[in-house]
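Student: What shape does this take:
(2 chains)
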Amino acid sequence: MTAVLDAPAPAETKNALVEVRNLGRIFDVSKPWLNRVTERLPRRLLTAAAEVTFSIDKRETFALVGESGSGKSTVAKMVVGLIAPTTGEVIIDGVSMSNPKHDADRRRLRRRIQMVFQDPYASLNPRWRALDIVAEPIRAFGIAQSDAETAKQVGDLLKLVGLDPADGAKYPHEFSGGQRQRIAIARALACNPEFIVCDEPTSALDVSVQAQILNLMRDLQDRLGLTYLFISHNLAVVRHMANRIGVMYLGRLVEVAPAREMFRAPKHPYTRMLLDAVPDLDLTGRKRKPVEGEVPNPIDPPPGCPFHPRCPFANARCRVELPLPIKAGAATVRCHAVEEGRI
Amino acid sequence: MTAPVLSVRNLKVEFPTRRGILTAIDDISFDIGPGEVLGVVGESGAGKSITGTAVIGLIEPPGRIAGGEVLLRGSRIDNLPQEQMRKIRGKRIGMVFQDPLTSLNPLYRIGEHLIETIRTHSTLSESAARKKALSLLEEVGIPAPDTRIDNYPHQFSGGMRQRVVLALALAAEPELVIADEPTTALDVSVQAQIIALLKRLCAQHGAAVMLITHDMGVIAETADRVAVMYAGRIAEIGPVRDVIKSPLHPYTKGLMGSIPSLTGESDRLVQIPGSMPRLTAIPSGCRFHPRCPRAFVPCPTFRPELQPEAKSEVACWLYHPFPVQAEAV
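Tutor: Model prediction:
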């Protein structure tokens, strides 16, 4: 589709640190070649992300929300360069992450980007002491001049995330989940990055520990001037953390809006449905709209707007034509119903 | 007041280990009335799942019930022989677990699961049981049940599997359903559907529910009463509105404040310092006192018991006269 390229270019603000342009990733999930030949099976391609466009300003938190399979982790991995995009590009501080001309700049850029993962039980090497885990980026990037300086920096980092520097001698299994996530954050901060991608950083933690980690992340952002790309399925957490939010559905961004705006007046029917599905803690007796259906299989997505089978506002056009991003107030939405003023 | 469906009296569960006996649950008591939904909420390690497993008599040895009793409709079930307990499980107490993929056998069709359960607990014929299975699947909202009944669990999505598990739990018309984190593995939109379904089904079948979860939102939407657990004890138990709107125990207050909300100002979250104690190092007195912002004289020494306060019951010395000796300490 040529429509792909009509996505509005990200606002060319001077402050944009990260620009994601038309990013897409297709995974080949076909059976092995011999099986395909003998069983006469076609290739099977899974579009994990398509036409994802957004930008993140310096010192801003941009959140991606969506249900499982919506492609939010795939986008996160492409942004840090853990997987290569099939289409589009990621530009960080003016340096393209895929353009071979920028190879030298990109190497320098690596130090400024870090990632915090969801499961602190899996992301820390169980055979390494906490201080070695935190020291690894310092050694890898040659930041400290001597072992003594490395040790001092590790101690400072552990203190920064609220741990005792003496805890550095312990192994990961001696820490609780929240403490492990603090170690993961200390490791991410070890090379003085500017931009941190957090993929569900609190989803494996209990609420009281989650509160500690979220507060810590906000304090660190204020102190160190960090920029976050924050991935989560939890809308309340996202509301607490983000300045701007992108909602993903089946690999596409269906709505991008400032956080306040999105929670006050969600535009896309999927965003409305998501907000409606969050259990009500305030006991306002709010009537829920019945939510129907589940996320379709991304290998075989519905034609037209991917949300149309679950959408209460879908019409004939939605079933055949993929909606393009349009401006609606402060938000950018992909929805025919919004465009036509039906909702 | 009508007789409770489930009564737990001074239940104590222990796990002997090489390093001594770990007390996972220490002296807890609660009731669930007919048709009532009791939410049991707490963070990991609070003992909420162990409470559920103790009620259905599935504590893995060497773990054991070391004291107290569990009564189902007034008769003890915690000391029954395995054979009799098996007849109660499934028949009088239905169970829903967190992960619907592991609670269904991948080698059996959905229909075989249901028919087996129905026939174990009734005298229905194969064809009558199949008919009942079909109506159950329809009731839990599985589209085209007559074709889906012959599918295998892997052919269902997570939400659909959890619906099947609900159908299984309700197959024998149990008096009590124990649901342990039934929606934790699901996405929010599907979670809302399953909560609504669980609520509707239990109301229709008149089953009492013990809903174990870490998610206060799920409790707020579903439960009539809620028990807040901390380190193997109940800190506070009361009507859901009171516990959520005006929590009494400092732990409940901290817990409620630490949940990011969809409304109101998004300032700093309330933070409870520290983390849940490990079972090997349970603090003396009130188990929450090392983390409690309002701990005072009696807290490190004397264990508070649940006592009525407002419409709830709370185990905290802030609300009760503490033992006189404490002042001498």
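Student: Can you check the pLDDT for the residue nearest to A:Pro302 when sequence neighbours are not counted?
Tutor: Take A:Pro302 and drop its neighbours on the chain: the residue closest to it by Cβ to Cβ, 6 or more residues apart in numbering or on different chains is A:Pro309, 5.3 Å away. In this view, the C-beta of every residue, glycine as well, is placed from N, C-alpha and C. The score at A:Pro309 is 90. That number is its pLDDT.
Student: Wait, A:Pro309 touches A:Gly293, no?
Tutor: Yes - using Cβ atoms under 8 Å, A:Pro309 is in contact with A:Gly293, at 6.3 Å.
Student: before we move on, back to that, and the residue nearest to A:Pro302, backbone torsions?
Tutor: phi -60, psi -20 (degrees, to the nearest 10).
Student: show me what contacts it?
Tutor: The contact partners of A:Pro309, by Cβ atoms under 8 Å, 6 or more residues apart in numbering or on different chains, come to A:Gly293, A:Pro296, A:Pro302.
Student: show me where chain B has strands.
Tutor: B:6-17, B:20-32, B:37-41, B:64-72, B:75-76, B:93-96, B:176-180, B:208-213, B:225-230, B:233-239, B:307-309, B:312-314 (DSSP state E).
Student: swap in the stretch 1-150 of chain A?
Tutor: A:16-28, A:45-57, A:61-65, A:87-92, A:95-96, A:113-116 (DSSP state E, counting those that start in this stretch).
Student: Now B:Ala227: closest residue in space, sequence neighbours ignored.
Tutor: Nearest to B:Ala227 is B:Ile237, by Cβ to Cβ, 6+ apart, at 4.2 Å.
Student: what's the one you found in contact with, if anything?
Tutor: B:Phe30, B:Arg225, B:Val226, B:Ala227, B:Val228, B:Val243, B:Leu306, B:Ser312, B:Glu313.
Student: Skipping adjacent residues, who's closest to the residue in the stretch 1-150 of chain A positioned nearest to chain B in space?
Tutor: With Cβ to the nearest Cβ as the measure, A:Glu67 is the residue of the stretch 1-150 of chain A nearest to chain B, at 3.9 Å. Excluding the flanking residues, the one nearest A:Glu67 by Cβ to Cβ, 6+ apart is B:Asp187, at 3.9 Å.
Student: Give me the distance between the one you found and B:Phe30.
Tutor: Per Cβ to Cβ, to the nearest Å, B:Asp187 is found 31 Å from B:Phe30.
Student: same thing with A:Val75?
Tutor: Distance from A:Val75 to B:Phe30, by Cβ to Cβ: 46 Å.
Student: How about B:Pro239?
Tutor: Distance from B:Pro239 to B:Phe30, by Cβ to Cβ: 13 Å.
Student: Also B:Leu306?
Tutor: 9 Å.
Student: Need the overlap of contacts for these two.
Tutor: B:Ile234, B:Ile237.
Student: Might you report the residue contacts of B:Ile50?
Tutor: B:Val13, B:Ala24, B:Ile25, B:Ile59, B:Gly63.
Student: A:Leu189: which of the residues you listed is nearest?
Tutor: B:Ala24 (36.9 Å; Cβ to Cβ).
Student: my guess is that closest one contacts B:Phe15, does it?
Tutor: Yes - between B:Ala24 and B:Phe15 there is a contact under Cβ under 8 Å: 5.9 Å.
Student: which of those two has more neighbours?
Tutor: B:Ala24 (22 against 18; other Cβ atoms under 10 Å in any protein chain shown).
Student: Check what pLDDT the more buried one gets.
Tutor: If you check B:Ala24, the pLDDT there is 91.
Student: how close does the nearest residue to A:Leu64 once chain neighbours are set aside get to A:Gly251?
Tutor: Excluding the flanking residues, the one nearest A:Leu64 by Cβ to Cβ, 6+ apart is A:Lys72, at 4.4 Å. A:Lys72 is 9 Å from A:Gly251, where distance means Cβ to Cβ.
Student: Looking at those two, which is more packed in?
Tutor: A:Lys72 (28 against 25).
Student: ok, the residue nearest the centre of chain A - contacts?
Tutor: With distances taken as Cα atoms, centre = their mean, A:Ile231 lies nearest the centre of chain A, 3.4 Å away. By Cβ under 8 Å, 6+ apart, the contact set of A:Ile231 is A:Ala63, A:Leu64, A:Val65, A:Lys72, A:Ser73, A:Val75, A:Ala76, A:Val197, A:Cys198, A:Asp199, A:Glu200.
Student: Which one of those sits in the busiest neighbourhood?
Tutor: A:Val75 (30 neighbours).
Student: Show the contacting residues for it.
Tutor: A:Val20, A:Leu23, A:Ala49, A:Val52, A:Leu64, A:Ile231, A:Met248 are the contacts of A:Val75 under Cβ under 8 Å, 6+ apart.
Student: Which residue is the nearest non-sequential neighbour of the third one?
Tutor: Just to be clear, that refers to A:Ala49. Closest to A:Ala49 by Cβ to Cβ, 6+ apart is A:Gly71, at 4.1 Å.
Student: Please report the distance of B:Gly111 from B:Lys91.
Tutor: 20 Å.
Student: Now whatever residue of the stretch 201-329 of chain B ends up closest to chain A. Nearest residue, chain neighbours left out?
Tutor: Chain A sits closest to B:Gly217 of the stretch 201-329 of chain B, with a gap of 2.9 Å, by Cβ to the nearest Cβ. Of all residues not flanking B:Gly217 in the chain, A:Pro279 sits nearest, at 2.9 Å (Cβ to Cβ, 6+ apart).
Student: Pick out the residue nearest the middle of chain B.
Tutor: B:Ile212 (2.7 Å).
Student: and that one, bridged to which residues?
Tutor: B:Val40, B:Asp180 (DSSP bridges).
Student: I'd say B:Gly217 and A:Leu281 touch.
Tutor: Yes - using Cβ under 8 Å as the test, B:Gly217 is close enough to A:Leu281 to be in contact (5.3 Å).
Student: Find residues that contact each of those two.
Tutor: B:Ile259.
Student: Which elements pack onto the longest helix anywhere in chain B?
Tutor: For chain B, the helix with the greatest residue count under DSSP state H is helix B:188-205. With contacts taken as 3 or more Cβ pairs under 8 Å, 6 or more residues apart in numbering or on different chains; DSSP states H and E, helix B:188-205 sits against helix A:269-277, helix B:158-170, strand B:176-180, strand B:208-213, helix B:216-222.
Student: Quickly compare these and say which is most buried.
Tutor: Of all those, strand B:208-213 carries the top mean neighbour count, a mean of 27, counting by mean count of other Cβ atoms under 10 Å in any protein chain shown.
Student: which helices and strands does that one pack with?
Tutor: Against strand B:208-213 (3+ Cβ pairs under 8 Å, 6+ apart) you get strand B:20-32, strand B:37-41, helix B:48-55, strand B:176-180, helix B:188-205, helix B:216-222.
Student: So which residues of the stretch 201-343 of chain A form strands?
Tutor: Under DSSP E, counting those that start in this stretch, the stretch 201-343 of chain A gives strands at A:227-232, A:244-249, A:252-258, A:325-328, A:331-334.
Student: want to try JSON lines for those, with mean pLDDT as columns?
Tutor: Converted to JSON lines, these look like this (pLDDT from 0 to 100):
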{"stretch": "strand A:227-232", "mean pLDDT": "94"}
{"stretch": "strand A:244-249", "mean pLDDT": "94"}
{"stretch": "strand A:252-258", "mean pLDDT": "94"}
{"stretch": "strand A:325-328", "mean pLDDT": "91"}
{"stretch": "strand A:331-334", "mean pLDDT": "93"}
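Student: Around chain A, pick out the residues from the stretch 1-150 of chain B.
Tutor: By Cβ under 8 Å from any Cβ of the partner chain, the residues of the stretch 1-150 of chain B that approach chain A are B:Glu43, B:Ser44.
Student: Before I go, just wanted to say thanks for your time.
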